[in-house]
Structure formats: C-alpha cells, structure tokens
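Trainee: need a 3D model of the sequence below.
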Amino acid sequence: MLTSAALGAQVQVERVFTLRGYYVLDFNPYWQQSDTKPWYVLKQPPWADPLLLKRGYVAVRHDGKNYYCLIQEEPPVGTRIGKRTYICGDPATAETLYTMNWRPKTLIRGAPP
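Mentor: Model prediction:
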C-alpha cells in the first residue's frame, strides 16, 4: 500500500487514477469535465462514514477535497472494451442522498458523446 503525507495523517491510498470526467452525484447526475490532477481511492480515511463504504461508496480525494464515488465496472464482452463509470460527490451530498434512501437505479453508462 502507498501512503501519502500530502493527504494528511498517513492515509492509505489503494489506487491512483486520472479521469476525463465523471458524473456529479445529485438527484439528476450531470457530466463534469475533470482536470489532469490525480484521484486517490483511500482506504478507511477518518472522515469516511463506514455505513456508506459498506453500501458501495468509495472514499476518494481529488485536488485537496474529499469525495464519495460510486464506480460501475462493465466487463469486456466480445470485442467491446470494458468501461468504468464514475459518479462522485462531496461527502455532505452523498450522506444526504443516502439518508433520503436515494441511489441511482442503474449507474449512467459511459461518457457523454
């Protein structure tokens, strides 16, 4: 496992990646361009709610901010390349939507045209 003092308090990083864009976690998710800064999937950060993590959210840090993300991974089938779709939002929004029992029925497929 990697650790990064830049993330504070020796938080363990499970994976580092960059995104072209992601869907913003909201009642009506919308596409948001991302920058070239790395996204860090964190392992049990102190700010993360264990209940949300248990329900499929992933704790992520990007550009100095904390996020919860839902990640849908489609396996490759035949000649189609597998895709990952990210829907991410700030902790307060994720916690509010979870409290209201909201979760996307099916995560949005792929990126916009």
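
Trainee: who are the contact partners of the most centrally placed residue in the chain?
Mentor: For the chain, the residue sitting closest to the mean C-alpha position, by Cα atoms, centre = their mean, is Cys69 at 2.2 Å. Taking Cβ atoms under 8 Å, 6 or more residues apart in numbering, we find Cys69 in contact with 22, 25, 57-58, 60, 86-89. For every residue, glycine as well, the C-beta is placed using N, CA and C.

Trainee: one more time with 10 Å, if that's ok
Mentor: Contact analysis of Cys69 by Cβ atoms under 10 Å, 6 or more residues apart in numbering lists 19, 22-23, 25, 39, 41, 56-60, 62, 86-89, 94.

Trainee: what's the PyMOL syntax to select whichever of those residues are buried?
Mentor: Of these, the buried ones can be selected in PyMOL as follows, counting by 16 or more other Cβ atoms under 10 Å:
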select buried, resi 19+22+23+25+39+41+57+58+59+60+62+86+87+88+89+94
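
Trainee: in helices only, show me the contacts of Cys69.
Mentor: Among the contacts of Cys69, the members falling in helices (DSSP state H) are Ala94.

Trainee: spatially nearest residue to Val60, not counting backbone neighbours?
Mentor: Spatially, and ignoring its direct neighbours in sequence, Val60 is nearest to Tyr67 (4.5 Å; Cβ to Cβ, 6 or more residues apart in numbering).

Trainee: fine, thanks again, bye for now.
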